[in-house]
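**Student:** Got a sequence here, can you build the structure:
(2 chains)
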Amino acid sequence: MKKSSTVQELPGAAAHRPTPPAWQPRTDPAPLLPDAEPYRALGTDAVADADPGLLLRLHAELVRGRRFNTQATALTKQGRLAVYPSSTGQEACEVAAALVLREQDWLFPSYRDTLAAVARGLDPVEVLTLLRGDWHTGYDPYEHRVAPLSTPLATQLPHAVGLAHAARLKGDDLVALALVGDGGTSEGDFHEALNFAAVWRAPVVFLVQNNGFAISVPLAKQSAAPSLAHKAVGYGMPGRLVDGNDALAVHTVLADAMARARRGEGPTLVEAVTYRVEAHTNADDATRYRADDEVETWRAHDPVRLLEDELTARGILGEDGVRQAAEAAEAMAARLRDRMNAEPALDPMDLFAHVYADQTSQLREQAAQLRAELAASAEEGPGEV
Amino acid sequence: MTTVAVKPATMAQALRRALRDAMAEDPSVHVLGEDVGTLGGVFRITDGLAAEFGDDRCTDTPLAEAGILGAAVGMAMYGLRPVVEMQFDAFAYPSFEQLISHVAKMRNRTRGAMPLPITVRVPYGGGIGGVEHHSDSSEAYYMATPGLHVVTPATVDDAYGLLRAAIASDDPVVFLEPKRLYWSKAAWSPDEPAAVEPVGRAVVRRPGSSATLITYGPSLPVCLEAAEAARAEGWDLEVVDLRSLVPFDDETVAESVRRTGRAVVVHESTGFGGPGGEIAARITERCFHHLEAPVLRVAGFDIPYPPPMLERHHLPGVDRVLDAVARLQWETES
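**Tutor:** This is a model prediction of the structure:
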């Protein structure tokens, strides 16, 4: 029998087969597809076209951000932070995400995005409260419109969608920018958030920082998608690929996506290709799952160095500017170190104060118990820890 | 106003009216869930809301419970007062991470800066001939999560009053609707709805002196029927309807048990790890010297919820309640 790649029509069958209901794709997928290569701005004419003020701000914040990362890591070694998931190597994403926001916009960070919150303008000590261990969220989310750092992966994404949706229903002009990592894209909440956002045309931008690893698990074991940006097409939103170590490129792509959201055209998924230079946290040993030479390859593509070299070569940034940025970063680190060395003043009664708006009788009883225990141990006098 | 005073009304009607009144009074109240818009919900509790308030106030969502509750969190962050409908008890499970890690904790983790006034309505419990995954008693999961209020009406009046209170609460409330009581009826005028009850107070449904039956939601009618039947045995049973599992009304329960000296906790949920264990412990801690007998529990068996043709063997019925009452060591009285 002759093999054919097409289905053979049975003689006479067509006459008995009803015409199926018309079908066509609901949207043209072609414009939603990401480009073949991550977008890069540094080393191109885009730098000359960019606002020099923005470039210098990005530089200053990158330098400060790197110093924040090294200082926070040092604080773990001094026992001043319980844990620190470093964003070293990802500063371009963190800083661009913060700087692209207008005052009324919202940021939805994950636990690795402390730097984005700091670059947004939050007090670093308040941001580090969670990782210091003196409370869960150390800042008022409404003060700078930064949601609490989210530890359960991708669970903050539907919050961003709901908030953006609510703002749109109220007629308010704001965009929510939600951050997630490559590992987080495997979570069900990632899927549900993107699906809701697209169906509701919510003004949300999703930024995936693909840093290569979910703790120890490399992207190849995480996803078989052509790229994480390609996932957008399945939801009917555009996917964009960007070099996550190119601060200007990340800022540009995010700004385009934010503008699109503001125009009422709905959400965008941005994948920033970057690398987690440090281990998952200070408690992790990255030598168990990756080779040093891979890390060195990425260190050579360092986001701070890339931007500084480019701006210096173009004469946008002079020696004075480099020095001032470094000095400002050192001053920030010194202040952070001093403040983190002070013991936080903790009130154990806070444990009961905010569980409910209307405290239950059960919690009132338990608060009284703890208060009595504290009073008893105080009476036992000094020597008690 | 098209609603006409009807007597009697069903619990479903009272719930619908509570949603409608809350939405009419407060533009920040939004209803969202699966099939809640055009269809009016599979139990028709949201019938007419989309037509009256528009799709943006009563929204058919994609079929994804974590996404629904997660989106409700974001809406509440922005000042709305979302009322989420979970279609059935067992279909709420995908939303547990959002509920436990965010809804229950957001106020506490932000030191009160970010309260989440969300009401999660969950039709729960058995007795309607539902196939697998449509009849779970999921209250113990919610009770075990600090930061949530867990409320369940058993009467038509309470269905209205408690749902209004839940929506008005600044705390997140899991509002468990006993689905086999949706069509229970009582004299109730939608034009003179019952008062909005504060969340957290139990109520004595039937005063008595011999023993206290402590129950809630779908088991209240069983207990009231058992109390009537017990008169023939010479027992005058008091019936306490908890209405709210969290906060728990220790005062009303303890006052009753100290007076009667005997107590049976009745619920559909499993006995092992179910609410009855906690309630019995609380009674024992508070009423030990008044007790004439151990606190007993009449609960569903410790089995996955059975198929509809066998559920009558699982659900606590009048006979099982009376058997428990009979075991309250009456012989020790002289």
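**Student:** from what I can see B:P172 touches B:V150, true?
**Tutor:** No. Between B:P172 and B:V150 there is no contact under CB atoms under 8 Å: 10.0 Å. Yep, even glycine has a C-beta here, placed from its N, CA and C like the rest.
**Student:** Quick one: residues contacting residue 147.
**Tutor:** No chain was given, so I picked chain A. Residues in contact with A:A147 (CB atoms under 8 Å, 6 or more residues apart in numbering or on different chains) are A:W106, A:L107, A:F108, A:P109, A:P141, A:Q156, A:H159, A:A160, A:L163, B:M77.
**Student:** To clarify, I was referring to chain B.
**Tutor:** Contacts of B:G147 by CB under 8 Å, 6+ apart are A:V355, A:Y356, B:V103, B:A104, B:K105, B:R107, B:N108, B:D171, B:P172.
**Student:** Name the member of these with the most neighbours.
**Tutor:** B:P172 (30 neighbours; other CB atoms under 10 Å in any protein chain shown).
**Student:** Now do the same for it: its pLDDT.
**Tutor:** On the pLDDT scale, B:P172 is placed at 98.
**Student:** just B:E192 next, same as before
**Tutor:** Value for B:E192, per-residue pLDDT: 70.
**Student:** and it, how many residues sit next to it?
**Tutor:** Using other CB under 10 Å, B:E192 has 7 neighbouring residues.
**Student:** Is it part of a helix or strand, or is it coil?
**Tutor:** coil (DSSP: H, G, I helix; E, B strand; the rest coil).
**Student:** Tell me the spacing between it and chain A.
**Tutor:** 27 Å (CB to the nearest CB, to the nearest Å).
**Student:** And for B:V203?
**Tutor:** B:V203 sits 16 Å away from chain A when distances are taken as CB to the nearest CB.
**Student:** Quick check: closest non-adjacent residue to that residue.
**Tutor:** Nearest non-adjacent residue to B:V203, counting by CB to CB, 6 or more residues apart in numbering or on different chains: B:D241, 5.3 Å away.
**Student:** The one you found reaches B:T215, doesn't it?
**Tutor:** Yes. Counting by CB under 8 Å, B:D241 does reach B:T215; the two are 6.5 Å apart.
**Student:** ok so, going back, turn the contacts of B:G147 into a markdown table, including distance to A:R240 and secondary structure.
**Tutor:** Putting those into a markdown table (distance: CB to CB, whole Å; DSSP: H, G, I helix; E, B strand; the rest coil) gives the following:
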| residue | distance to A:R240 | secondary structure |
| --- | --- | --- |
| A:V355 | 42 | coil |
| A:Y356 | 43 | coil |
| B:V103 | 32 | helix |
| B:A104 | 36 | coil |
| B:K105 | 33 | coil |
| B:R107 | 36 | helix |
| B:N108 | 37 | helix |
| B:D171 | 40 | coil |
| B:P172 | 36 | coil |
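**Student:** With respect to B:E52, which of the residues you listed is nearest?
**Tutor:** Set against B:E52, the nearest of the contacts of B:G147 by CB to CB is B:P172 (25.6 Å).
**Student:** dump the residue contacts of the closest one.
**Tutor:** Neighbouring residues of B:P172 by CB under 8 Å, 6+ apart: B:L99, B:V103, B:A104, B:L116, B:P117, B:I118, B:T119, B:V120, B:G147, B:L148, B:H149.
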